[in-house]
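# I would like to see how this sequence folds:
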Amino acid sequence: MSPAIPDLMQIEVLFKQYLIPFFLKVVGAFLLWFLADLLIRAIKGIFIRTLEKKNVDPTLVNYAKHSLGLALKAVALILILGIFGFETTSFSAILAAAGVAIGVAWSGLLSNFAAGVFLILFRPFKSGDTISAAGVTGVVREIGLFATTIDNGDNLRYFVGNNKLFSENILNYSRNDYRMASFRLQLAHPVDPLDAIEKIRSRLVTIEGTLKVPAPAGEIAEFNPLGTVILLKVAALPKDHAAVLNEGNRRIYEILKTENYPVPELRTVAIPSSGRSEA
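Sure thing, here's the model as predicted:
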């Protein structure tokens, strides 16, 4: 039985000198990480409220929130490891080497991150703008670290890589002060185009949301075998553009019914007979 005593003593020494201190370090590290997370959330909250009070753009606020959170968590991790006796110098070197390896492997992801930074700096659009880019048309909800969130007209959510957005043409429907609502209408030959332009224009200018400047315009766009094509334009705020367009189409339909305009038809020209009969 005597050989078992040294084994028990070795196990006891192992627990006291290694396992218990290591366990306490792990528990302490998790506890500190929990406290650090609470502190980081508080710092982010103060930082975000400060930016919002200064009327900083929501897009920049959201981007700064994510960036600050990642930076503070990285600093907290290194500090916690240092407090509990881990060699942070070698850890930093390993982290840097891992960063290089990840950078090579995830070059596409990092390019999205870099493109996100440029989207914030050059500001081709911001949260709340309606854009068309990378094959998607909709309202920008969030410009994230790596992807931009866009809701389309059917309320479907797209997550588009920032690099794809930044490398292609971007059409921003909300950037200018107003948008033109255009109405293109094919008239039949018997209809006077100038009279039709005046009647339709007088109804379009009364639509709620239309602007007086620039003034509503109407013109003859082209002549074709069906008759005359007219084009009318009214200005509206970007947020009112869709409503003005829908109401304008409805009023044009009412005018067509009220004025009893004929349906455009292709005119055929009869070729006169030569009067000769075939043998």
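# number of nearby residues for Thr130?
Using other C-beta atoms under 10 Å, Thr130 has 22 neighbouring residues. C-beta coordinates here come from the backbone N, C-alpha and C atoms, glycine included.
# any idea how far the residue lying closest to it once chain neighbours are set aside is from Asn249?
Residue nearest to Thr130 in three dimensions, not counting chain neighbours: Tyr173, with 4.3 Å by C-beta to C-beta, 6 or more residues apart in numbering. Distance, Tyr173 to Asn249, using C-beta to C-beta, to the nearest Å: 18 Å.
# now Ser174
22 Å.
# Which secondary structure element is home to Ala115?
helix 107-122 (DSSP states H and E).
# C-alpha coordinates for that helix, PDB please?
What follows is helix 107-122, C-alpha atoms only, in PDB (Å, rounded to 0.1, in the frame of the first residue of the first chain):
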ATOM      1  CA  SER A 107      -8.500  38.800 -49.200                       C
ATOM      2  CA  GLY A 108     -12.100  39.200 -50.500                       C
ATOM      3  CA  LEU A 109     -13.500  39.800 -47.000                       C
ATOM      4  CA  LEU A 110     -10.800  42.400 -46.300                       C
ATOM      5  CA  SER A 111     -11.500  44.100 -49.700                       C
ATOM      6  CA  ASN A 112     -15.100  44.400 -48.600                       C
ATOM      7  CA  PHE A 113     -13.900  46.000 -45.300                       C
ATOM      8  CA  ALA A 114     -11.700  48.500 -47.200                       C
ATOM      9  CA  ALA A 115     -14.600  49.300 -49.600                       C
ATOM     10  CA  GLY A 116     -16.800  49.900 -46.600                       C
ATOM     11  CA  VAL A 117     -14.300  52.500 -45.400                       C
ATOM     12  CA  PHE A 118     -14.300  54.200 -48.800                       C
ATOM     13  CA  LEU A 119     -18.100  54.200 -48.900                       C
ATOM     14  CA  ILE A 120     -18.100  56.000 -45.600                       C
ATOM     15  CA  LEU A 121     -15.500  58.500 -46.700                       C
ATOM     16  CA  PHE A 122     -16.800  59.300 -50.200                       C
END
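# buried stuff in that helix?
The neighbour-count check on helix 107-122 (16 or more other C-beta atoms under 10 Å) flags Leu109, Leu110, Ser111, Asn112, Phe113, Ala115, Gly116, Leu119, Ile120 as buried.
# Low-confidence bits of the chain, can you list those?
1-19, 54-57, 59-60, 63, 83-108, 267-279 (pLDDT under 70).
# show me where it has strands.
130-133, 136-143, 147-152, 157-161, 171-172, 179-188, 217-224, 227-236 (DSSP state E).
# and the gap between the closest residue to Glu142 other than its chain neighbours and Leu51?
Nearest residue to Glu142 in three dimensions, chain neighbours excluded: Thr149, at 4.4 Å (C-beta to C-beta, 6+ apart). As judged by C-beta to C-beta, Thr149 and Leu51 stand 20 Å apart.
# what sits against the closest residue to Phe183 other than its chain neighbours?
Spatially, and ignoring its direct neighbours in sequence, Phe183 is nearest to Leu232 (4.6 Å; C-beta to C-beta, 6+ apart). Each residue near Leu232 by C-beta atoms under 8 Å, 6 or more residues apart in numbering is listed here: Ser182, Phe183, Leu185, Ile197, Ile200, Arg201, Leu204, Pro216, Ala217, Gly218, Glu219.
# how about a cut-off of 10 Å?
181-185, 196-197, 200-201, 203-204, 216-219, 221, 248, 252 (C-beta atoms under 10 Å, 6 or more residues apart in numbering).
# Any chance of a PyMOL selection covering the buried ones in those?
For the buried members of the contacts of Leu232, the matching PyMOL selection, counting by 16+ other C-beta under 10 Å, is:
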select buried, resi 181+183+185+196+197+200+201+204+216+218+248+252
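# isn't Tyr178 right up against Leu237?
Yes. The criterion here is C-beta atoms under 10 Å, and Tyr178 meets it with Leu237 at 6.0 Å.
# Mind listing the shared neighbours of the two?
By C-beta under 10 Å, 6+ apart, the residues touching both Tyr178 and Leu237 are Thr210, Leu211.
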